[in-house]
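> Need a 3D model of the following:
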Amino acid sequence: MREVRHVVVVGGGVAGCATAHYLSAAGVAVTLIEREGLAAGASGWSAGGLNPLYGVPEGLAVFAMASYREHLRLWPEIKRLTGQALGGRIIDMALVASTESEIAPLQATAAAFAAADGFSARWLDRAELLAHEPRIASHVAGGLLTRGNGVVDSEHFTKLLAASAQAQGATVRAGTVTGVQHTDQIVTGVMLDDGTIPCDAVVIATGPWTDAATAWLGCSVPVEPLKGEIVRVAPIGPPLAFDVVTPAVSLFSRVDGQVWIGATQEKRGFDREVTTEAHDLLRGAAADLMPSLADATLVQQTACLRPISPDGMPILGAVPGWSGAFLATAAGTKGILLAPAMARAVADLIVTGTTAVPLDGCSPARY
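Below you'll find the predicted structure:
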């Protein structure tokens, strides 16, 4: 293997900051470059849910669980390195069946929760569910009350990953990358609008903007943005007893009493403006599930862009035909959950050439 002493990580979202952390922990010199500011994109606006057993593509199930376990190992390490508490916590979540027809699909989910270490689930009929959270609409059929999912403040998590990398010697700087310097596809540096940074390897973790690497590397990196909007409200009364999720809408409980209503999924290019249409759609679905939310005070509406690939799988690992070029992108709507495993895998590949993280279906070579 070629010795790697200095790596440039391009992108200050959760994937890039986590990669900088793991590379720095391995003793590699790291320069992290971000154009707009750490956590300025989806990593700063995500609901921060860590749910490896629900809403994950089948091909990512093993990877998602590996990343969830990595989260739990990472949290105390971040505090040790930065002196700051992350505030990650394990939560309850009710997966609610709005109609009788939605009950059967939840049975498979219940089995998955029951089989996973540290997770549990039990079915609540309508009366039992309303006894736990009486603000849920009385027309629902029941719900699966689960335990074991996690949640983090995504902006805080991302910035603490960068801080932990810096505590281990990494450099974080602003800049706009314009290309990759190389000799016969062996990486020798990263070109910025104000100069070139010599390096032995580059990790491109630029989220929905990763398609720019197509020109830098001369290979296909088909990542596009998936727009998502979330509405944050302050309801009347105490915080929700647990997160409440249906196929139509998710109500995320926050420790300050807010409820985050999410989230839309639209292909709108690089449009990051909030819309009245998304607000009305989310507020309407939330009020149908929990009527009291119709009177909740609007706190903030946010929009962000998540990176997605054509097959919905991350694009992760070494770029074929190159020495020292790596990708860490396309985690879709599960970016906060998947970032630790993505970052550990890329760091392992750079430092040792192999990784124990399961990467089936994620290789850039498929494109």
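
> would you put the C-alpha positions of stretch 55-67 in PDB?
Provided in PDB are the C-alpha atoms of stretch 55-67 (Å, rounded to 0.1, in the frame of the first residue of the first chain):
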ATOM      1  CA  GLY A  55     -37.400   2.900   7.000                       C
ATOM      2  CA  VAL A  56     -34.000   1.400   6.000                       C
ATOM      3  CA  PRO A  57     -33.600  -0.200   2.500                       C
ATOM      4  CA  GLU A  58     -33.300  -3.900   2.800                       C
ATOM      5  CA  GLY A  59     -29.800  -4.000   1.400                       C
ATOM      6  CA  LEU A  60     -28.700  -1.500   4.100                       C
ATOM      7  CA  ALA A  61     -30.000  -3.300   7.200                       C
ATOM      8  CA  VAL A  62     -26.800  -4.800   8.400                       C
ATOM      9  CA  PHE A  63     -24.800  -1.600   7.600                       C
ATOM     10  CA  ALA A  64     -27.400   0.500   9.400                       C
ATOM     11  CA  MET A  65     -27.300  -1.600  12.600                       C
ATOM     12  CA  ALA A  66     -23.500  -1.500  12.500                       C
ATOM     13  CA  SER A  67     -23.600   2.300  12.300                       C
END
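
> Give me the residues contacting that stretch.
52-53, 116, 312-314, 333-334, 337-342, 357-362 (C-beta atoms under 8 Å, 6 or more residues apart in numbering). For the C-beta atoms, the positions are set from N, CA and C on the backbone; glycine is no exception.

> Of those, keep whichever come out buried.
Buried by 16 or more other C-beta atoms under 10 Å: 52-53, 313-314, 333-334, 337-342, 357-359, 361-362, out of the contacts of stretch 55-67.

> Residue 218: how many residues sit nearby?
Other residues near residue 218 come to 13 when the count uses other C-beta atoms under 10 Å.

> should've said residue 168
Residue crowding around residue 168 was assessed by other C-beta under 10 Å; the count is 18.

> Please report how far it lies from residue 198.
Distance, residue 168 to residue 198, using C-beta to C-beta, to the nearest Å: 21 Å.

> same question, residue 42
31 Å.

> Looking at those two now, which is surrounded by more residues?
Taking neighbours as other C-beta under 10 Å, residue 42 and residue 198 compare with residue 42 leading, 29 against 11.

> So for that one, what's the pLDDT?
On pLDDT, residue 42 comes in at 97.

> Quick check: chain neighbours aside, which residue is closest to it?
residue 304 (4.0 Å; C-beta to C-beta, 6 or more residues apart in numbering).

> tell me the SS of the one you found?
strand (DSSP: H, G, I helix; E, B strand; the rest coil).

> Residue 39 is in contact with that one, correct?
No. Between residue 304 and residue 39 there is no contact, the gap being 10.3 Å when judged by C-beta atoms under 8 Å.

> Using the three-state scheme, assign residue 44.
The three-state label given to residue 44 by three-state DSSP is helix.

> Run a quick check on it versus residue 154, I expect a contact.
Yes. The pair residue 44 / residue 154 is scored as a contact, 6.5 Å apart, by C-beta under 8 Å.

> how far away is residue 30 from residue 172?
Distance, residue 30 to residue 172, by C-beta to C-beta: 9 Å.

> go on, residue 182?
Remark: distance between residue 182 and residue 172 (C-beta to C-beta) = 24 Å.

> quick one: the helices in this structure?
Secondary structure of the chain by DSSP state H: the helices cover 14-25, 42-45, 61-82, 103-115, 126-132, 154-167, 213-217, 276-289, 335-351.

> show me what contacts residue 214?
With C-beta under 8 Å, 6+ apart, residue 214 has these contacts: 220, 221.

> how about 10 Å then?
By C-beta atoms under 10 Å, 6 or more residues apart in numbering, the contact set of residue 214 is 220, 221, 222, 223, 367.
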